[in-house]
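Peer 1: missing the sequence, but the structure's below:
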């Protein structure tokens, strides 16, 4: 049996995801689709709108065969490390290829871009440095350096202004950098754009669009036509039990308390909190009754919104710079769920999986895993505050879902 | 003008307190009563049921002339340090005497007890050590040592099984140990006992009894006959705005989150958290939906309830062992409120007050004061979670109350 890997957040699982995974299976001529999925907190520095177990159920119902967890250390990291964690896990479970969505759907421009940057690394870094000196943000400076370099050596390159291209590029770069025996494939995306508002007559929308529609209308019906029926049911059950979907706005009381419990020096111990931003964070938290008014106060040209949210994620979960530096590579593969086909695949490949395959967390002692467990526990506390009758499954005790 | 000092928590201010302060004034032949009052968290390791400003208003309405704050560092400390902080502040503001309530109302047995322990310190400490070795708690061991010593040197001593006697003894001991020019006085208490249930026909009850009655009946009417009318009105206004009185039960969501955000090693950094209790605290928090069920799980013979609650106070506020050790003596006198008479007294004595008299906190930079401000901010967040329409006055910006 052959497996193709995909890197996902499924926040939530929608029709575009269902399309992507079918295409991935087809293009890779694979029997099995393995998704490495962020657990509780996502790359954009946000809590996932529903917990990892609900998102695993949506994934399995939507056609994924095996869901493994991308540990917190990687799921909340800048794109380069996010990609390294994800691709090395897909390789570790025996995927011969991984497939990502991109705007133009052809792999050659990605390879050209990789070669361009890899062959001119010194010049590229110097250009980034020049741009940073002008006060531009890190992502903007990367983009500037890339533009300069690609004009100098013309060829067919990818457009790095497209978020999906950037992610795809980092996956490919990770596979190359780690010298992994896994082949990159790309599939053309079929949405109109990344941040678009939902169209009433279109069955495909971005996850961002879906979350925005839910935040605005508070009605699940408004997104029913862009998610599979199974996703819709899982989301409806969640909403019935917990009243709200996870968001920083809903998490604000606990985040605010946590920020205000610290001195600036203590805040600066957390991952990604650098260069004096801790003072602004503390000052703003004291006078902000909502997350949105807080972000209004701390946003600046210096940091992207995503970067600020990742800092807040680490403050919320108590994840320090010291902890971040202590991890070099994923130390386990955590199984969140599998179909019958997925189970057969694992039965066949078990012996060849390079890392411990964890399905019973309670029996495992691993520092990286302990961070996932704590992040999930703290995520659950914010959700459970909105619900008097229900508590979420304890991450520590939950076995993989069999579908 | 002459001043008498009293040490109070006013949680809440009741008829017994009104009686005590009148008697103190009379016995000391004073013109002015100065109360040093715990701010936000109390010696028993609990949040005060209403904030420091509401309690200051009750105190001024009840006849106190000046209210100054006992800083967090002392208000949440074991009795010896609590007493040192309180008595040194009363001495600093020029009180010639301080008066405390006791069971038998005569000062000589207190002086005898002090002499007994002071003159046989080595033997006393050895007896305590012996008792601790048998596994007895520290308070129990103190009591054992005292019993042994007082039988060996018979005289008229106080009964150290009475909580008010213990506190009074520590006040007297603090004045002697710090060699302060302030005279100890005692006034007989007129309640039947410390933990007694409220009697329908008795106008005097303990603060503990009042809080218990409120926790049971949730009706302010049940305590109307044991508090002054002014206290009743302040409590009624509070309840109308914030729905609940502060308690660990109400603070549990934020306390629980804070505990679970830490590793055991990190928890052990906080003041009074010692000897492996951090593991039990963390384990119990994970599975406890309420404060009472949490305490059921961590209570043991080794620690008194009060000691456990003080640990939790320090975890909630983020007050570390390192911080605790950095303070030697109160570094300021913070004015919370004053009557016209109190204002006249301060006008007369200002020049002789040994520490900076702080009425505008925003203009002050002091490490000990910063801890008070933070404790108040974090206290407020738990209260405000229960109220959608009201926020509490910011401690940082609140000027002293003039009554």
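Peer 2: In hand now; what should we look at? Values in this document were obtained by computation on a predicted structure and should not be read as measured data.

Peer 1: Give me the neighbour count for the residue of the stretch 301-403 of chain A found nearest chain B.
Peer 2: Residue nearest to chain B within the stretch 301-403 of chain A (C-beta to the nearest C-beta): residue A:318, separated by 4.5 Å. Bear in mind the C-beta positions are built from the backbone N, C-alpha and C, glycine included. Neighbour count for residue A:318, taken as other C-beta atoms under 10 Å in any protein chain shown: 21.

Peer 1: Would you confirm that it contacts residue A:271?
Peer 2: No - look at residue A:318 against residue A:271 with C-beta atoms under 8 Å: they stay out of range, at 10.0 Å.

Peer 1: How about the residues of chain A by chain B?
Peer 2: Residues of chain A lying near chain B by C-beta under 8 Å from any C-beta of the partner chain: A:253-254, A:256-258, A:260-262, A:266, A:286, A:289, A:316-318, A:374, A:377-378, A:381-382, A:385, A:391, A:394.

Peer 1: Try it again at 10 Å.
Peer 2: By the rule C-beta under 10 Å from any C-beta of the partner chain, the part of chain A lying against chain B is A:253-258, A:260-263, A:266, A:285-287, A:289, A:315-320, A:323, A:370-371, A:373-374, A:377-378, A:380-382, A:384-385, A:388, A:391, A:394, A:396.

Peer 1: just so I have it, where are all the strands in chain A?
Peer 2: Per DSSP state E, chain A carries strands over the ranges A:3-8, A:32-38, A:66-70, A:97-102, A:183-188, A:333-338, A:357-358, A:401-402.

Peer 1: Any regions of the stretch 101-250 of chain A where pLDDT drops low?
Peer 2: A:191-196 (pLDDT under 70).

Peer 1: Can you name the residue of it nearest to chain B?
Peer 2: Closest contact between the stretch 101-250 of chain A and chain B, by C-beta to the nearest C-beta, is at residue A:250 (12.9 Å).

Peer 1: Would you check that that residue makes contact with residue A:50?
Peer 2: No - the pair residue A:250 and residue A:50 does not pass the contact test of C-beta atoms under 10 Å, sitting 11.9 Å apart.

Peer 1: Among those two, which residue is more densely surrounded?
Peer 2: When residue A:250 and residue A:50 are compared on other C-beta under 10 Å, the one with more neighbours turns out to be residue A:50, at 25 against 20.

Peer 1: Contacts only, for that one.
Peer 2: A:10-13, A:57-58, A:231, A:234-235, A:237-239, A:242, A:245-246, A:383, A:392 (C-beta atoms under 10 Å, 6 or more residues apart in numbering or on different chains).

Peer 1: Using neighbour counts, pick out the buried residues of the longest helix along chain A.
Peer 2: When chain A is parsed with DSSP state H, its longest helix is helix A:367-385. Counting neighbours by 16 or more other C-beta atoms under 10 Å in any protein chain shown, one finds that the buried residues in helix A:367-385 are A:368-385.

Peer 1: With adjacent residues omitted, what lies nearest to residue A:403?
Peer 2: For residue A:403, ignoring the flanking residues on the chain, the nearest one in space by C-beta to C-beta, 6 or more residues apart in numbering or on different chains is residue A:60 at 3.7 Å.

Peer 1: how many neighbours does the one you found have?
Peer 2: Neighbour tally, residue A:60, other C-beta under 10 Å: 23.

Peer 1: Likewise for the one 10 residues further on?
Peer 2: For residue A:70, the number of neighbouring residues by other C-beta under 10 Å comes to 27.

Peer 1: What of the one 3 residues further on?
Peer 2: Residues lying near residue A:73 (other C-beta under 10 Å) number 25.

Peer 1: Would you agree it is in contact with residue A:326?
Peer 2: Yes - the pair residue A:73 and residue A:326 qualifies as a contact (C-beta under 10 Å) at a distance of 9.3 Å.

Peer 1: what do those two both touch?
Peer 2: Counting by C-beta under 10 Å, 6+ apart, the residues touching both residue A:73 and residue A:326 are A:367, A:368.

Peer 1: mind checking how far residue A:119 is from residue A:149?
Peer 2: Residue A:119 sits at a distance of 10 Å from residue A:149 (criterion: C-beta to C-beta, to the nearest Å).

Peer 1: right, I mislabeled it, should have said residue A:55
Peer 2: Distance from residue A:55 to residue A:149, by C-beta to C-beta: 38 Å.

Peer 1: higher neighbour count, these two?
Peer 2: Set residue A:55 next to residue A:149 and count neighbours by other C-beta under 10 Å: residue A:55 wins out with 28 against 18.

Peer 1: With adjacent residues omitted, what lies nearest to the more buried one?
Peer 2: residue A:10 (4.7 Å).

Peer 1: now swap in residue A:165 and tell me
Peer 2: residue A:158 (4.7 Å).

Peer 1: What is the neighbour count of whichever residue of the stretch 51-200 of chain A sits closest to chain B?
Peer 2: Closest contact between the stretch 51-200 of chain A and chain B, by C-beta to the nearest C-beta, is at residue A:72 (13.6 Å). Around residue A:72 there are 27 other residues, counting by other C-beta under 10 Å.

Peer 1: residues contacting residue A:11?
Peer 2: By C-beta under 10 Å, 6+ apart, the contact set of residue A:11 is A:17, A:37-38, A:42, A:44, A:46-50, A:55, A:58, A:207-208, A:210-211, A:245-246.

Peer 1: Buried members of these into PyMOL, please.
Peer 2: In PyMOL, this line selects whichever of the contacts of residue A:11 come out buried by 16+ other C-beta under 10 Å:
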select buried, chain A and resi 17+37+38+42+44+46+47+48+49+50+55+58+207+210+211+245+246
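
Peer 1: Show only the entries of the contacts of residue A:11 found in helices.
Peer 2: Using DSSP H, these in helices are A:17, A:55, A:58, A:207, A:208, A:210, A:211.

Peer 1: Closest to residue B:277 out of those?
Peer 2: Distance to residue B:277 across the ones in helices among the contacts of residue A:11 (C-beta to C-beta) is lowest for residue A:55, with 37.0 Å.

Peer 1: What about residue A:341, how many residues nearby?
Peer 2: 15.

Peer 1: Quickly list the domain ranges of chain A.
Peer 2: Structural domains annotated on chain A: A:3-103+A:329-402, A:106-161, A:249-325, as defined by the TED database.

Peer 1: Contacts for stretch A:339-353, please.
Peer 2: Under C-beta under 10 Å, 6+ apart, the answer for stretch A:339-353 is A:1-3, A:30-34, A:59-61, A:63-67, A:92-95, A:333, A:335, A:338, A:357, A:359, A:400-403.

Peer 1: Much appreciated, bye for now.
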